[in-house]
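1. give me a 3D structure for the following:
(one chain, ligands or ions: 1)
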Amino acid sequence: MHICHEMERQDKETGNVLPGFVSQPIEVVEDMLKSTIQIWETTESCKRLRTILTAAAKNNDNLRDISKIVGFAFGDISSERKSDSALAPPRSYFQHALLLTLRDVLLQIKGEENSNDSTDKLRCFVQDPSYQDVDDQVLKKSGITILEDPDGFLETDDSTAVLSFAPNVPVRQIVCDIARPALIIWDTVKPEKKTDIVTTDPDSNRLREMVNDSYDMFEFQDYERRFGNVAIYIRRPSAPAAAN
Ligand SMILES: C[S@@+](CC[C@H](N)C(=O)[O-])C[C@H]1O[C@@H](n2cnc3c(N)ncnc32)[C@H](O)[C@@H]1O
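-> The predicted structure follows:
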């Protein structure tokens with residue numbers, strides 16, 4: 001169930017309604033995404049992620065069988081807003097760049113080339129209500145399709161790689177109900193004693209059972225806080241898929 005209310009901003013003096021959301025020009029967004037990918041690909045975090053997945057795939061066919069990637073709650077990349085640091089692109093750019101890295105490394109694992117023809121072999125989706133037309137145009141060019149809620153969840157199955165970073169909805173709880181994705185990178189599931197933080201995507205015993213019973217966990221080290229406190233979960237070859 002969603003509970004929402006419409007908001008408008010008004011000019012204090014004139015009372016006129018101010019424009020709500022202003023997208024940056026498409027060229028600006030495209031350039032920023034390209035430069036973010038370049039920055040991200042040179043980071044230790046990105047290199048380590050590639051190494052972990054390539055090594056794990058040698059003994060785990062679950063990774064080779066991944067047919068789609070679904071990213072939840074990255075935030076849009078088109079709105080004008082300040083980044084965490086004056087020089088760095090905003091976090092949402094890095095989260096989309098990570099999805100593209102994942103597509104690249106998973107295609108390598110499958111023995112496929114990362115080209116326009118490969119979009120069918122590994123489809124990429126993102127779900128976040130904040131996307132606008134400019135996001136759609138830029139992401140489409142990178143082979144990423146924007147989905148409305150709940151279509152991202154409906155796409156999520158056992159042969160999916162799921163990404164989610166600090167969502168405003170309980171993504172981990174919902175995914176836990178519907179699938180055992182082959183690969184997950186999302187907010188670290190903490191041990192029981194550390195669950196005092198109020199969050200819109202809370203830890204739970206169900207979630208702890210899911211990751212403990214079925215997944216190998218790897219630290220996702222990113223000291224720049226571009227993703228938050230997240231971890232990589234790879235479903236063990238021996239772990240059962242989701243019960244239907
Ligand atoms: C706290 S922000 C996190 C943004 C970004 N992932 C980050 O780490 O900075 C929460 C995000 O959840 C998104 N969100 C809200 N409802 C959603 C839904 N139903 N499905 C996916 N994303 C949603 C919001 O639009 C927002 O971008």
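
2. what segments of the protein are helices?
-> Assigned by DSSP state H, the chain shows helices spanning 26-41, 44-57, 61-64, 91-110, 133-141, 151-155, 171-178, 205-214.

3. would a markdown table of those helices with mean neighbour count be doable?
-> Just so you know, the C-beta spots here come from the backbone N, C-alpha and C atoms, and that holds for glycine as well. Formatted as a markdown table, the helices of the chain follow (neighbours: other Cβ atoms under 10 Å):
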| stretch | mean neighbour count |
| --- | --- |
| helix 26-41 | 16 |
| helix 44-57 | 16 |
| helix 61-64 | 16 |
| helix 91-110 | 22 |
| helix 133-141 | 17 |
| helix 151-155 | 17 |
| helix 171-178 | 19 |
| helix 205-214 | 15 |
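
4. how about TSV for those helices, with mean pLDDT added?
-> As requested, these are exported to TSV (pLDDT from 0 to 100):
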stretch	mean pLDDT
helix 26-41	96
helix 44-57	96
helix 61-64	96
helix 91-110	96
helix 133-141	96
helix 151-155	98
helix 171-178	97
helix 205-214	95
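
5. who wins for proximity to residue 122 among those?
-> Nearest of these to residue 122, taken as Cβ to Cβ: helix 91-110 at 5.5 Å.

6. can you name every helix or strand that the closest one contacts?
-> In terms of contacts (3 or more Cβ pairs under 8 Å, 6 or more residues apart in numbering; DSSP states H and E), helix 91-110 is packed against helix 26-41, helix 44-57, helix 61-64, strand 68-72, strand 123-127, strand 144-147, strand 160-164, strand 183-187.

7. among the ones you listed, which is nearest residue 108?
-> Nearest to residue 108, of the helices and strands packed on helix 91-110 and by Cβ to Cβ, is helix 44-57 at 7.3 Å.

8. make JSON lines out of the helices and strands packed on helix 91-110 and add distance to the ligand.
-> Shown next, in JSON lines, are the helices and strands packed on helix 91-110 (distance: least, Cβ to the nearest ligand atom, whole Å):
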{"stretch": "helix 26-41", "distance to the ligand": "14"}
{"stretch": "helix 44-57", "distance to the ligand": "15"}
{"stretch": "helix 61-64", "distance to the ligand": "24"}
{"stretch": "strand 68-72", "distance to the ligand": "5"}
{"stretch": "strand 123-127", "distance to the ligand": "5"}
{"stretch": "strand 144-147", "distance to the ligand": "9"}
{"stretch": "strand 160-164", "distance to the ligand": "8"}
{"stretch": "strand 183-187", "distance to the ligand": "9"}
